[in-house]
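**Student:** Generate a structure from the sequence data that follows.
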Amino acid sequence: MPVFSQTITDFWRASFLNGDVLYSDESLTVTINPDLDEESRVMVLETSDGRVMAVLTPALAEKVGLHLHQELSEAIFRRKLDEANVTLHGADYLFYFSEADKIELLQETLEGDLRRLTEQDNACFSAFQSSASEQDLDDAQVELDHWAVFGSYEQNRLVCAASMYPWEDDLQIADLGVLTLTSFRGKGHARKVVRSICKYAYGQGYVPQYRCQLDNHSSTLLAKAAGLTLFGKWEVISPDSAN
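**Tutor:** Prediction:
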């Protein structure tokens, strides 16, 4: 795997390896952690090198029928979840800058009509939102009152915006959303805005994080175009799960 920030690797290792290891081989590790929140009582992470880590609460492990000294594989683990009516939410891709690409980002100067947005930009941001579909707004989750917001303009019109917020209160990771108006896509606006806001985040001591669903091909292409590297696929229990 590429070299990622220690902040990233430490966070995901802590998320999946804190607790008692129930099973481990070269491709799968399953851990029991009683401190997981209810909304994350089971999670699965497949890193880009193909290794899978899963973590779940002791109560859920009992429901699923997991115990020490049993032979496991990813397929068996997922089958046990299915049989116990445990449903995972659709997976997200996780993208980050590698350490090498971070250095390149911090050294570059981006050209174009783009800048940080503030509450003074409320009128143009409202016009931007009203020009986007409800589905696009829902998918992107770009808001003017987020921790940081950047926008790109064409002929004095806001056509692309990205916003970030700290992913967890005590964590230096900033989660990113981005939206370009349909008729202005394919012109490089989103790439520049993503790189601008990520550069800003690094300057504030945060590591930028880009997430998108596996079937969102345009978002996946944007992540790569912006210089981000796939870290892995992350799944968490569905809010609609029966168990």
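**Student:** Dump stretch 54-65 to CSV, keeping only the CA atoms.
**Tutor:** Extracted as CSV, the C-alpha positions of stretch 54-65 are listed here (Å, rounded to 0.1, in the frame of the first residue of the first chain):
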residue,chain,number,x,y,z
ALA,A,54,-14.0,-6.5,11.1
VAL,A,55,-15.0,-5.4,14.6
LEU,A,56,-18.2,-5.9,16.5
THR,A,57,-19.6,-5.8,20.0
PRO,A,58,-19.6,-8.9,22.3
ALA,A,59,-23.4,-8.9,22.3
LEU,A,60,-23.6,-8.9,18.5
ALA,A,61,-20.8,-11.5,18.2
GLU,A,62,-22.9,-13.8,20.4
LYS,A,63,-26.0,-13.2,18.3
VAL,A,64,-24.0,-13.9,15.1
GLY,A,65,-22.5,-17.1,16.6
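**Student:** Buried residues of that stretch, list them for me.
**Tutor:** Using 16 or more other CB atoms under 10 Å as the test for burial, stretch 54-65 gives 54-58, 60-61, 63-64. Placement of C-beta: from N, CA and C, glycine included.
**Student:** Can you name the next helix or strand after the longest helix anywhere in the chain?
**Tutor:** Longest helix of the chain, by residue count under DSSP state H: helix 189-203. Downstream of helix 189-203, the next assigned helix or strand under DSSP states H and E is strand 207-213.
**Student:** Need the residues that contact that next one.
**Tutor:** The contact list for strand 207-213 (CB atoms under 8 Å, 6 or more residues apart in numbering) reads 5, 7-8, 90-97, 164, 167, 172-176, 194, 197-198, 201-202, 219-220, 223, 226, 228, 234.
**Student:** Just the endpoints, please. Distance across stretch 36-43?
**Tutor:** 10 Å (CA to CA, to the nearest Å).
**Student:** List the contacts of it.
**Tutor:** With contact meaning CB under 8 Å, 6+ apart, stretch 36-43 is reached by 15-16, 54-57, 59-60, 81, 86, 88, 234-237, 239.
**Student:** switch the cut-off to 7 Å
**Tutor:** Stretch 36-43 has contacts (CB atoms under 7 Å, 6 or more residues apart in numbering) with 55-57, 60, 86, 235-237.
**Student:** next one: that stretch to chain centre, how far?
**Tutor:** Relative to its parent chain, stretch 36-43 has a centroid offset of 17 Å by CA atoms, centre = their mean, to the nearest Å.
**Student:** cool, stretch 53-64 as well?
**Tutor:** The mean C-alpha position of stretch 53-64 is separated from the chain mean by 23 Å, CA atoms, centre = their mean.
**Student:** Looking at strand pairing, list the partners for the spatially most central residue of the chain.
**Tutor:** By CA atoms, centre = their mean, the chain has its centre lying nearest to Arg211, at 2.9 Å. Counting by DSSP bridges, Arg211 is bridged to Leu94.
**Student:** so where do the strands sit in this structure?
**Tutor:** Applying DSSP state E to the chain gives strands spanning 20-24, 28-32, 42-47, 52-56, 92-96, 114-116, 148-154, 157-166, 173-180, 207-213, 229-236.
**Student:** of all the ones you listed, which lies closest to Ala132?
**Tutor:** strand 173-180 (6.1 Å; CB to CB).
**Student:** Could you figure out how far the closest one is turned away from strand 207-213?
**Tutor:** The directions of strand 173-180 and strand 207-213 differ by 50 degrees, with axes from the mean of the first three to the mean of the last three CA atoms, to 10 degrees as the criterion.
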